Each structure stands twice: as structure tokens, then as C-alpha cells.
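coords please:
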Amino acid sequence: MRAGDCLAWHLLFGRRRATKLAPEKRKRFMDRQVSPERLKREKQRRYLIIAASAVLLFFGGWWLLSSMQGSISAASLRLGRVDKGEVQIATSASGEVVPAFEEIITSPVQARLIAVLKHAGDSVHRGEPLLELDLQSVRTEFEKLQDELRMKQTQLHRQEVQLRGELNAKRRELKVKAMQNDRRRAELQSERYLDSIGAGTTDKVREIELANRVAALEYEGMVENLHDREATAAAEQATARLEIEIFRKTLEEKRRQLDDARIASPRDGVLTFVLSEVGTLIGAGSQVATVSDPKHFRIQADIADDYAQRLSVGAKAVVNLDGRRIEGTVTNITPAAKNGVVRFYVGLSADETYALRSGLKVSVYVLTALRNECVRIPFGNYYHGEGLYEMYVRRGSTLVRREVRLGGSGESFVEVMSGLEPGEEVVLQTLDAAFRNSKKIKLKD
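Coordinates of the predicted model:
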């Protein structure tokens, strides 16, 4: 070891060591003389060692912090550039391709299913049988109603005969009464003549006059009774005919139910649903099959009730199907929300030109406004509606977290209200949970 190194060692650690020496050795050590130049060099060397240690400590801490900072590969990110342009504000919804027309077939009667003639997915023609039901009880009831109708018709005929006989008898009595009154009037004239020549009496004339007045009143009563009975008979017959007509309509309805119970396709199309459990007891009005149009489709979409007020019938819509855009129009909006969701339908302008099929999932964008020359960023899965977002903006090789307020969105762009400037690059995706609380993220090539 060099003398300078020994001296530095003694200067740094000699005091502690000297306390452990024997008194005579410590006195001899302390009495040794050191030149000022050597002391100066050793002091400079000590300062140099301290400075080098501080520099090493600083760079070591910086390296440690850098190694602890999160990093992510730039190739794994979807970055988008902020620019200015047009944004077609749209309300997005999830949708499904459904037939433009479908007819639900129900059973008009309660019956048991005994045979399935067609299955879901089969093409069917108008009038083609789909199911066979056990209609024996329905036929028996129909035949019973037919018998009751014939019985009512017979009763009506008998009633008409009886009423006709009764009225004819009253009319004959009335004719007899009229003839009797004519005879009494002739007797009165004869008695008056006899009284005028002195061959009769005044009392006899008065007696005959009184009898004629009584007979006239009786005749008027019989006429009124005949008219009343005719009116009553007409009302009774009208009531009986009305009952028969009502019963005939009931019978016709039962006949129609019996005909409809022979479940057949009401139109040409595709059978999208059919009850297939043989032996099932089907209630009256229960759905047994559905026939749809296989060539024309529409979109059935659901949207949160909070956004339903933005919809209107006739609004333009864009349907995104596997990257293909299909234009359409809102044709119908359900008036009531169910479980916080409002359902609406979009009619397609050219559905036959696309390979559509029922059940395909699509995204629907209903256009509600147009923004010109606004700050915008590309649309992505990061967007969940208007509000504040924590987004990462690229600065060289670092991503910096920033609070951004986003407005409405369209199919391709999102309106930026504040927090971003044109020309900046921003991450257009949701990062993993490990990075969500990081203010800065280092980018790796």
C-alpha cells in the first residue's frame, strides 16, 4: 500500500483505532509529523470519493425509478390522431336481424298435439298443414251446436204456426162481430121506422141504440186486441229469429275454429318456430308456430331508456354488419320501456342485396345531429357515452395520462369537448388494469 493511501486510511479511521492503542503507542503515533501538501492532497481525495459516491447514488436511484416505471409496447396499442372535421352525432344501440314480416299462428281451441308435419327451418306454402291436433271433442261440440240450431229453428216454425192460427181466429171473431153490428144497425133503422108510423115504441128504439153502442165498443176493443197481439207476435218472432241468428253466428265461429284448428301455413315463407312436443295439451290462443318472410328483413334494436328521447320515427340510421354499412330508417318505436330498455325497429333500404339472415347481431347508429369543424378522435371501444375520461396522450416515447371531456359520437368519430388538441396522438383503447393508475407509461419499440 502506498504511503498516501496509508495516510488517508489513518485520517479516515485512525482516530477510532488510536483510541484502542496503548498510551505510549498512541503518543508516539500522534507525535508523527505530516506535511501540509500531503494533507491537502488527501483532503481533495476524500472530497472526490464523496462526490463520486453521490453521483453513483443519484444515477442508481434514477435507474431504479426507471426500472419501476410501467412500460408497454407501442405495437400493441391502437393510437389515433386528433384532428378537426365533421362528426355525425349518432345514438348507438345493439340490434338483431329479424324478418320484416312474420305471422304468429295460434291454436283457436284447446286440443292435444298428436302429430308434427313440418319442422323449424322448412319452407312452407300457403295452406300447407303444419300440425295435427286431436279435434274429436271440438267436432262433437260442433255437432251438438248444429243439433241445437235445428231444434231452435223447429221451435220457431212451430211458434209461427201457433201465432198464425191464433191471429186468424181473432180476425174471424172480428168479422163475425162486424156482421153482428151490421145486423143491429139494420134493426135500429127498422125500429125507428116503426116508431115513426106509430107501430113501435121509443123505449124499444133507445134499447136497440144502447145495444149498438155497446157492440161498437166491443168491436173497437177486439180490433185493438188484434193489433196488440199482432205486434206481440211479431216481437216474439223477431226475438226468436235473433236468438237463432246469434246461435248461427256462434256455430259459424265454432266452424271457423274447427277449420283453423287444422293448423296450416297462412302464407308462403319459412317456418321459424313450431311446437314439436307431441302429446302436449295446447291451450286456446297459445302460439304453435311462426311463419316469416325469408327474403326481407329489418333490424330490431334496444336502447337505454335515457337515450330514447333522441329517437324519432323517420330518423336516418346506419347498420354496421361485419364492417358493411346498410342505410335504413327508424320505422317504429315501442311506446313503453321494459326493464329500462326501449325497443325500436329499423327498415332497411336494400336488404335483398346483402347476405342477411335472421338472428345476426349488428350495431345500429341513429343519426341525431351534425357537428362541423369540431375537434375529433377516431371511435373505439374506449367510448361509453358523453362525459370525462382518463386518456393517455403520446409524448415522444412516453404516454401521459390526461383528463379529457368527450361529447357525442358517430359511427367513425367522437367529438372532443376539451383536453386534446389537433395533432396529438391518443390511445384509443382501454389499457390493462396494471396501467390504469399510472400517470406516465414508457413506450417500448
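
Endpoints of stretch 265-280, how far apart?
For stretch 265-280, the first-to-last residue distance is 20 Å (CA to CA, to the nearest Å).

Mean confidence (pLDDT) on it, please.
Throughout stretch 265-280, pLDDT has a mean value of 86.

Ok, stretch 220-236 next?
The pLDDT scores in stretch 220-236 average 86.

Off-centre distance for that stretch?
Relative to the chain's own centre, stretch 220-236 is displaced by 64 Å; criterion: CA atoms, centre = their mean, to the nearest Å.

ok, and what's touching that stretch?
Residues outside stretch 220-236 that contact it (CB atoms under 8 Å, 6 or more residues apart in numbering): Gln159, Leu163, Glu166, Leu167, Lys170, Arg171, Glu173, Leu174, Lys177. (C-beta placed from N, C-alpha, C; glycine too.)

list the contacts for the closest residue in space to Gly423 that isn't next to it in sequence?
Using CB to CB, 6 or more residues apart in numbering and skipping the chain neighbours, the partner closest in space to Gly423 is Val82 (6.4 Å). Val82 is in contact with Val375, Arg376, Ile377, Val416, Leu420, Glu421, Pro422, Gly423, Glu424, Glu425, Val426, counting by CB under 8 Å, 6+ apart.

The same query, at a cut-off of 7 Å, please.
Neighbouring residues of Val82 by CB atoms under 7 Å, 6 or more residues apart in numbering: Val375, Ile377, Val416, Leu420, Glu421, Pro422, Gly423, Glu424, Val426.

Please name the spatially closest residue to the third one (chain neighbours excluded).
Nearest residue to Val416 in three dimensions, chain neighbours excluded: Val375, at 4.1 Å (CB to CB, 6+ apart).

So in terms of bridging, what pairs with that neighbour?
When bridges are called by DSSP bridges, Val375 pairs up with Lys84.

That one and Val87: what is the separation?
Counting by CB to CB, to the nearest Å, the gap from Val375 to Val87 is 9 Å.

Give me the buried entries from the contacts of Val82.
Neighbour-count burial (16 or more other CB atoms under 10 Å) applied to the contacts of Val82 gives Val375, Ile377, Val416, Leu420, Glu424, Val426.

so where's this protein shaky on pLDDT?
For the chain, applying pLDDT under 70 flags the ranges 1-35, 59-70, 195, 200, 350-355, 433-434, 436, 445.

What segments of this structure are helices?
3-18, 23-30, 36-68, 136-196, 202-260 (DSSP state H).

want to try CSV for the ones you listed, with distance to Pro99 and mean neighbour count as columns?
What follows is the helices of the chain, written out as CSV (distance: least, CB to CB, whole Å; neighbours: other CB atoms under 10 Å):
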stretch, distance to Pro99, mean neighbour count
helix 3-18, 93, 13
helix 23-30, 108, 11
helix 36-68, 59, 11
helix 136-196, 31, 13
helix 202-260, 22, 13
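
neighbours of Thr368, just the number please.
By other CB atoms under 10 Å, 17 other residues sit near Thr368.

Begin at 39 from now on, thanks
Done: numbering now begins at 39, and the last item shifts to Thr406.

which residues touch it?
Shown in contact with Thr406 (CB under 7 Å, 6+ apart): Ile127, Ala128, Thr129, Arg348.

Excluding chain neighbours, give the residue nearest to it in space.
In this structure, Thr406 finds its nearest non-sequential neighbour in Arg348, 5.0 Å apart by CB to CB, 6+ apart.

And Val312, by the same measure?
Nearest non-adjacent residue to Val312, counting by CB to CB, 6+ apart: Ala327, 4.4 Å away.

same deal with Leu169?
Counting by CB to CB, 6+ apart, Ile301 is the residue found nearest to Leu169 once chain neighbours are left out, at 4.1 Å.

give me every residue that touches Ser109.
Ile479, Lys480, Lys482.

Just give the closest residue to the first one, not the sequence neighbours.
When the adjacent residues along the chain are set aside, Ile479 lies closest to Leu437, with 4.2 Å between them (CB to CB, 6+ apart).

okay, now Thr239: neighbour count?
Thr239, neighbours per other CB under 10 Å, totals 12.

measure it to Arg210 for me?
According to CB to CB, Thr239 stands 36 Å off from Arg210.

What of Glu428?
From Glu428 to Arg210 the distance is 109 Å (CB to CB).

Check Met217 too.
Met217 is 11 Å from Arg210, by CB to CB.

before we move on, what about Leu168?
Leu168 sits 66 Å away from Arg210, going by CB to CB.

For the chain, which residue occupies the most central location?
Nearest residue to the geometric centre of the chain (CA atoms, centre = their mean): Arg381, 3.2 Å.

That residue bridge partners, please.
So, taking DSSP bridges as the rule, Arg381 has Asp340 as bridge partners.

which residues touch it?
By CB under 7 Å, 6+ apart, the contact set of Arg381 is Gln338, Asp340, Thr372.

Pretty sure the last one sits against Tyr383.
No: judged on CB atoms under 7 Å, Thr372 makes no contact with Tyr383 at a distance of 8.7 Å.

Looking at the two, which has the bigger crowd around it?
Higher neighbour count among Thr372 and Tyr383: Tyr383, with 20 against 13, using other CB under 10 Å.
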